[in-house]
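**Student:** the sequence and its predicted three-dimensional model are supplied below.
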Amino acid sequence: DYHAVKNGIIGMDASQSDLILANNNNETVQMVQGNVDFVEQLARENAVDIMMFDPMLNIHTLPENDNSLMRHFLTQVRGIAHRTNTAIMIAHHTNKGGGREADDPGNFRGASSIVDTPRIALSLSSGDGPNAEKQKEMSAFGATPRKGKKYMRIDNAKSNYGPKTGEALMWFEWKTARTP
């Protein structure tokens, strides 16, 4: 049921304002406790199942290439998830240019700990491109290569709970839909 799912999800994005959870304080992570408390209270009061932050760069002021700081920050975010019994998803950008396979964790921008710290990392990419395997998968999905940008795929870039398959986990077609 759409409403049951919708009521269990809270998305936080830059349109509402930056909600900084952590600052860089002399090369250490300083959690902004008031904002952390706000997020945790919001999750508890609304019985949230999934909380999504989009994009990650809007919830911290840390250098993205610093493995130690990013690992510490993401470990703190995992603590928020544990304390609120909420799954947390964080959207993060990929490197410009790419050129790698869609399921390659090296596609993510910044420190490797951004992919290494979470239990699962998913990659979202368009269906266009010259990759023959991607074209074959698209055809099996019923998509035509010349309409590739109408489709997106989700790949398993990293999972502690199962093997990587080398194939898209899912394909989706972009469509406009009105929601209640």
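**Tutor:** Yep, that arrived.

**Student:** could you use CA atoms for every contact and neighbour count after this?
**Tutor:** OK.

**Student:** by contact count, what packs against the strand of greatest length in the chain?
**Tutor:** If you go by DSSP state E, the chain has its longest strand at strand 151-159. Under the contact definition 3 or more C-alpha pairs under 8 Å, 6 or more residues apart in numbering; DSSP states H and E, strand 151-159 sits against strand 120-126, strand 170-173.

**Student:** tell me which helix or strand comes right after the lowest-mean-pLDDT helix or strand in the chain.
**Tutor:** Sorting the helices and strands of the chain by mean pLDDT, DSSP states H and E puts strand 9-13 at the bottom, at a mean of 66. Heading C-terminal from strand 9-13, the first helix or strand you meet, by DSSP states H and E, is strand 22-24.

**Student:** which neighbouring elements make contact with that next one?
**Tutor:** If you count contacts as 3+ C-alpha pairs under 8 Å, 6+ apart, strand 22-24 packs onto strand 29-31.

**Student:** if we use 10 Å, what do you get?
**Tutor:** Applying 3 or more C-alpha pairs under 10 Å, 6 or more residues apart in numbering; DSSP states H and E, we find strand 22-24 packed against strand 29-31, helix 33-45, helix 67-84.

**Student:** look up the closest residue to W174, ignoring the ones flanking it.
**Tutor:** Once flanking residues are discounted, W174 sits nearest to K150: 5.4 Å by C-alpha to C-alpha, 6 or more residues apart in numbering.

**Student:** which of the helices or strands spans M138?
**Tutor:** Using DSSP H and E, M138 falls in helix 132-141.
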